[in-house]
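**Q** Would you be able to build a 3D model of this:
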Amino acid sequence: MVNLVIMRHGEAVSQSSQDSQRQLNARGEAEVGQMAQWLTQVYPQFDYVLASPYVRTQQTAELMLAQQGNTTQLQTLPELVPDGDCHQVQLYVDALLSQKPEARILLVSHMPLVSFLVETFTKSGNTPIFDTASLACIEYSAGGQGSLLEKMAPADLSLLRP
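**A** Numbering: from 1, shown residues only. Down below sits the predicted model:
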C-alpha cells in the first residue's frame, strides 16, 4: 500500500529576486492540477501534506490539498528546502507514523532533495530525476526500508488516457 508520496513542485517562473520567492507559472499550475486529479483517482486521501516553505512548493501543496478531503493537514517543514536534510525529514515522517501508523503522507519539495528522499526512504541506491510535478509513490513503515512502487510525471498521464 502506498502511504508516502514524494513530489517535486510544479514548473515555476525562472526569475525572481530570491529563489525562495519563485511562483508557479501557468504550466506549473496545470501540471500540479493534473497530478492532483490523478492521485485522488488512484490512491486514498492523505492525512498530511508536508511542504517546503518556498512559495512554489506552498502553491503546489495548496493545489494538491484542494483535491483532498477536509481532514488533510498542511504543514510547512523547513527541512524540505532544496539542500535539506533527508535524515531529519525521515525522522519527522517516522514520528508521524509512530503516532498514526496508517497515516498517508505527501511530501512536496525540490530537486535535488526529492531524489535523495527516494533513496533515504527506500535504501535502494536509486536517486531518480524528477520532472516538475512528478511523484514517487512508496510503501513505507517507520524506521524501515520502503519500496518504490510507482513513479509518475505529468507527461506520463497522456500515455494512460485512451
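**Q** make it CA atoms for all contacts and neighbour counts henceforth
**A** Noted.
**Q** starting at the chain centroid, how far to the helix or strand of the chain with the lowest mean pLDDT?
**A** The helix or strand of the chain with the poorest confidence is helix 154-160; it has a mean of 85 (mean pLDDT, DSSP states H and E). Distance of helix 154-160 from its chain centroid, counting by Cα atoms, centre = their mean, to the nearest Å, is 18 Å.
**Q** where does this structure dip in pLDDT?
**A** Low-confidence segments of the chain (pLDDT under 70): 161-162.
**Q** Do a quick rundown of the strands in it.
**A** Counting by DSSP state E, the segments of the chain that form strands are 4-8, 48-51, 73-76, 105-109, 135-139, 147-152.
**Q** could the ones you listed go into TSV alongside distance to Ala95 and mean neighbour count?
**A** Output for these, formatted as TSV (distance: least, Cα to Cα, whole Å; neighbours: other Cα atoms under 10 Å):
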stretch	distance to Ala95	mean neighbour count
strand 4-8	14	26
strand 48-51	13	24
strand 73-76	14	16
strand 105-109	12	27
strand 135-139	16	22
strand 147-152	19	16
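**Q** Quick one, which of those gets closest to Thr60.
**A** strand 105-109 (7.4 Å; Cα to Cα).
**Q** counting contacts, what elements does the closest one pack onto?
**A** strand 4-8, strand 48-51, helix 55-65 (3 or more Cα pairs under 8 Å, 6 or more residues apart in numbering; DSSP states H and E).
**Q** quick revisit: going by neighbour count, list what's buried in the least confident helix or strand of the chain.
**A** Using 16 or more other Cα atoms under 10 Å as the burial criterion, the residues of helix 154-160 that qualify are Pro154.
**Q** and that helix, what does it pack onto?
**A** Judged by 3+ Cα pairs under 8 Å, 6+ apart, helix 154-160 is in contact with helix 26-42.
**Q** between the helices and strands packed on strand 105-109, which gets nearest to Gln88?
**A** Nearest to Gln88, of these and by Cα to Cα, is strand 48-51 at 13.1 Å.
**Q** Can I get the closest one in PDB? Just the C-alpha atoms.
**A** Taking C-alpha atoms only, strand 48-51 is exported to PDB below (Å, rounded to 0.1, in the frame of the first residue of the first chain):
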ATOM      1  CA  TYR A  48      -0.700  15.100   5.900                       C
ATOM      2  CA  VAL A  49       0.700  17.300   3.200                       C
ATOM      3  CA  LEU A  50       4.200  18.400   4.200                       C
ATOM      4  CA  ALA A  51       5.800  21.200   2.100                       C
END
